[in-house]
Every structure is written in C-alpha cells, then in structure tokens.
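A.B. asks: Provided below for reference: sequence and predicted model.
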Amino acid sequence: MALHGTGGTPRLMARITGLNAIADRCGFAVAYPAALGKPGREETATGAAWNAGPGLGCPDHANADDVGFLRALVAHLAANQPIDRRRIHACGLSNGGRMAARLALEAADVFASAAIVAGAWNGEGATPSRPMPLLMIHGTEDRHIPYEGGRGALGRAVENLPMREQFLRLAALMGCEGKPRRTFQGAFFRDVFRHAGADAAVALWTLPGEGHAWPGGRAWAPTADPPTPLFSASEEIWSFCAPYSLP
C-alpha cells in the first residue's frame, strides 16, 4: 500500500515511485489510496493529506480516521482480490510516510512491515502490538522535514524530531537492543537494529546531500528536489519488506 504526500494523488504516487514495474517483475500488487482533501494542491491548508497526527492532516478533515479507513480498505481488497492478508506492507512519501509510521504503531496486526520515505514519526502513538519491521529513508538536505529536526522551511509548521532520534526511539519501541550495524552504498549508509526476540528489524538509510524526494523515482513537481538516480527507494523497500509476514 503506497501512500501519497500532501496534495498528491494515486496516479502521481504511481508515477513517482515506479512501483508498478517492480510489482510486475516480482509478482506483488500495489494499492494507491487517496487521502481526503483537494488533490493536486500541495497547500497544507487544503491539499489532500493523511491524518497522521496533530497538524499533519488536511484541516478540512481534521477528524478523519485514516487508520480505520486503511484497515477497511485492506479488508475490502482482501475480500475481492487474491492477496495474502499476512503479507501486506505499507509505505509512503512525506505526509504518506508519516501515515506509514502511524500504521506501524496502530495497525501492526494488519501490516507486516512499513517504510517511510522523506517522512517522519511525530514521537506519539501507542506501543505496537508486536515488533514491527520498519524502514526509514531520508536525505540530509530535506527542507520539508529536516534530517536534523525542527521545522522545515518548506514544510508544515510542526516540530520534527531529528531522524537519528526517531530511529533510536522507534527501535527501542520495537524492542531492539544493543547497537545498530552500519553498511554503506557509496556515500549513502544504512544503520539497522535487529530485534533479539523476533524476526524484525528497524533500519535508517541516510542519504547525504539529498532532498525531499523519492530516491530513484521521479520528482513530484517541476520545482521539487530532484531524486538521486544512485539509490532506488522502491527496490530497497521491496527487498526489505518482502521477507516479512504477520505471525
């Protein structure tokens, strides 16, 4: 399940990510839901956005139960399509990434894993019902959701935790212990915790010099930060998520 960012649309999310091509090659299906609000409007006041927490949804639909909606959508799709209910994964870009983080905490009984691209966790939410495999991908020059935390010059008027702090806190919330292991892909690097008592991991890809984009994909607008061609978020998400299934 691929969740668009503020003002996005299902069609735009499909074009940005290129997930359909990977799905055709690897044999999985992708659903692109639409959030409430005006599509095609990046404005935080009116643009379509997921209610991922205080100040993060569309103000015109501040009480939207998007966790409930996405739960219901999974049930509907499972009833009408030949999909494996134990192997449903969530990913999202920007505001959609924030929503994927919320799903990781509140719908661990529905989604086998989750991935956050150029998004963030707001530091709130219940303890998940089980250790949730979670992947984060973020550029150090993101001006919407700053890697070092705080308010982004181009983003919503909300405070963001530093990505490293989010990573460490989420890993602790998922029951991970010890120290993360770091690996490199050129200038980009991944830190990963393995859960000692379950087949789960929490990982953070840090992309130095990269902005607010879906790496390896297409820019979401002509004036948006260009995605790096040196790293494919879509390929990495599938590689990370594919082994996991609900217990």
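C.D. replies: Yep, it's here. Numbering: from 1, shown residues only.

A.B. asks: my guess is Tyr244 meets Ile88, correct?
C.D. replies: No. Counting by Cβ atoms under 8 Å, Tyr244 stays clear of Ile88, with 10.2 Å between them. For the C-beta atoms, the positions are set from N, CA and C on the backbone; glycine is no exception.

A.B. asks: Pick out whichever of these two has more residues nearby.
C.D. replies: Ile88 (22 against 19; other Cβ atoms under 10 Å).

A.B. asks: can you give me the strands for the protein?
C.D. replies: 2-3, 89-93, 113-117, 134-139, 181-185, 188-194, 201-207 (DSSP state E).

A.B. asks: quick one: the fourth one to strand 201-207, angle?
C.D. replies: On the basis of axes from the mean of the first three to the mean of the last three Cα atoms, to 10 degrees, strand 134-139 is oriented at 10 degrees to strand 201-207.

A.B. asks: Tabulate the strands of the chain in CSV, adding columns for mean pLDDT and distance to Leu36.
C.D. replies: Below are the strands of the chain laid out as CSV (pLDDT from 0 to 100; distance: least, Cβ to Cβ, whole Å):
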stretch, mean pLDDT, distance to Leu36
strand 2-3, 98, 13
strand 89-93, 98, 15
strand 113-117, 98, 21
strand 134-139, 98, 25
strand 181-185, 95, 37
strand 188-194, 94, 34
strand 201-207, 96, 30
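
A.B. asks: Okay, buried residues for the longest helix anywhere in the chain please.
C.D. replies: Ordering each helix of the chain by length in residues (DSSP state H) puts helix 66-80 first. By 16 or more other Cβ atoms under 10 Å, the buried positions in helix 66-80 come out as 66-67, 70-71, 74, 77.

A.B. asks: What of stretch 230-247?
C.D. replies: Going by neighbour count (16+ other Cβ under 10 Å), the buried part of stretch 230-247 is 231-234, 236-238, 240-241, 244.

A.B. asks: Of those residues, just say which sits nearest to Gly149.
C.D. replies: Using Cβ to Cβ, Ala233 is the member of those that sits closest to Gly149, with 21.4 Å.
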